[in-house]
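Student: Following is a predicted model, sequence given first.
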Amino acid sequence: MSTWIDGTVGGGKLYCRKSPSTSAAAWGRFENGTKIKVRDVEGHPDWYETYWNNDVSKVGYVIRNYVDAIVMPEGVKLTFSPENAALYAENHSEDTVSGKLCSNRNKTFGNATTNDCANFVSQCLCAGGLPMFNGWSYPISGIPAGWKKTSKWSLTESGMNKLSLSGKGWITEIPYTKVDRGDIIYTYKSSNADGKKYTHVTLAVTPYKDGSCEVCGHTYNQNHATKKLTASNCKCYRVKSDLPVNRAERRVLLPLEGDGATVIDQ
């Protein structure tokens, strides 16, 4: 029998069925955000066993894709590799005119020709070691379906907030003169009338030198493009080398070349 683990209902109200089938009668529906104990169900990999309202006489079953469960083994320590992030960026970008699909893209993450900058940099950070979590994820196989509604993976400013001190605390702002390979560069416009100050994001693939560095990015497609950096045109961030986790995250393996993404923690 598998071990009980902590979980949180995500993606809206969730039926607690009396057997592991969507056609089975239900004890009721858990509210979104409800904390429950769950464990694997032998022969039913898409379901968790639980108890309805913590009543051990009422064994129930919930679809596991809608439960944010602690699945990462205890004691796992995550580290970030800026070199792997930069290698992924170099191998999945190119210099092409605006509006053209990047031929080197990781096709697992869609076919966008516009508004793809944050999606691309998020991939780079994931390749460097950042795990996906509820609030910052891409809907690949093995990622809970309920996470899709809250994800800021493909959004520039709110995605940054999920990773910075207001969210996970995994990235910290650095002076633009300290930018190095694997750092994140947000185009910043404090005067934007719509209030959106972080309008674009790329990944640095060379250190800052003589007023600029080289970056890779999507929309526009860039590979080792020179980017001038000033105190007024950018905000730069660095991922911490050691990442604090709560074990509800999902580690994802991205190839440094080619397509694919494999969720390790399921």
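Tutor: Structure's in. What do you need?
Student: hey, which helix or strand in this protein has the poorest pLDDT?
Tutor: Within the chain, confidence by mean pLDDT, DSSP states H and E is lowest for strand 67-69 among all helices and strands, at a mean of 87.
Student: tell me which residues in stretch 78-90 are buried?
Tutor: 78, 80, 82, 84-90 (16 or more other Cβ atoms under 10 Å). In this view, the C-beta of every residue, glycine as well, is placed from N, C-alpha and C.
Student: Let me fix that, I meant to ask about stretch 15-30.
Tutor: Within stretch 15-30, the residues that qualify as buried are 15-17, 20, 27, 30, counting by 16+ other Cβ under 10 Å.
Student: a markdown table for those residues, including distance to residue 244 and pLDDT?
Tutor: Output for the buried residues of stretch 15-30, formatted as a markdown table (distance: Cβ to Cβ, whole Å; pLDDT from 0 to 100):
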| residue | distance to residue 244 | pLDDT |
| --- | --- | --- |
| 15 | 34 | 96 |
| 16 | 32 | 97 |
| 17 | 35 | 97 |
| 20 | 34 | 96 |
| 27 | 36 | 97 |
| 30 | 28 | 96 |
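Student: Need the max-distance pair from those residues.
Tutor: Pairwise distances across the buried residues of stretch 15-30 (Cβ to Cβ) peak at 15.6 Å, for the pair 20 and 30.
Student: Find the helix or strand that the nearest residue to residue 128 once chain neighbours are set aside is a member of.
Tutor: Sequence neighbours aside, residue 85 is the residue nearest to residue 128 in space, at 3.2 Å (criterion: Cβ to Cβ, 6 or more residues apart in numbering). Assessed by DSSP states H and E, residue 85 sits inside helix 82-91.
Student: Give me the contact list for that helix.
Tutor: Around helix 82-91, the neighbours that count as contacts under Cβ atoms under 8 Å, 6 or more residues apart in numbering are 104, 120-121, 123-125, 127-129, 180-183, 203-205, 216-217, 223-224, 238-239, 254, 256-257.
Student: Can you say which of these are buried?
Tutor: Buried members of these, counted by 16+ other Cβ under 10 Å: 120-121, 123-125, 127-129, 180-183, 203-205, 216-217, 223, 238-239, 254.
Student: Could you pick out which of these are located in strands?
Tutor: 203-204, 216-217, 223, 238-239 (DSSP state E).
Student: would you turn the residues you listed into TSV with pLDDT?
Tutor: Converted to TSV, these look like this (pLDDT from 0 to 100):
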residue	pLDDT
203	98
204	98
216	97
217	96
223	96
238	97
239	97
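Student: Include distance to residue 152 when you put the residues you listed into CSV, please.
Tutor: Formatted as CSV, those follow (distance: Cβ to Cβ, whole Å):
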residue, distance to residue 152
203, 17
204, 21
216, 21
217, 18
223, 26
238, 19
239, 16
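Student: all helices for the stretch 51-200 of the chain, in order.
Tutor: 82-91, 117-128, 156-163 (DSSP state H, counting those that start in this stretch).
Student: worst average pLDDT in these?
Tutor: Mean pLDDT values for those show the minimum at helix 156-163, a mean of 91.
Student: Output the contacting helices and strands for that one.
Tutor: Using 3 or more Cβ pairs under 8 Å, 6 or more residues apart in numbering; DSSP states H and E, the elements in contact with helix 156-163 are helix 117-128, strand 184-188, strand 198-204, strand 234-239.
Student: Among those, which comes closest to residue 5?
Tutor: Across these, closest to residue 5 is helix 117-128 (Cβ to Cβ), at 23.4 Å.
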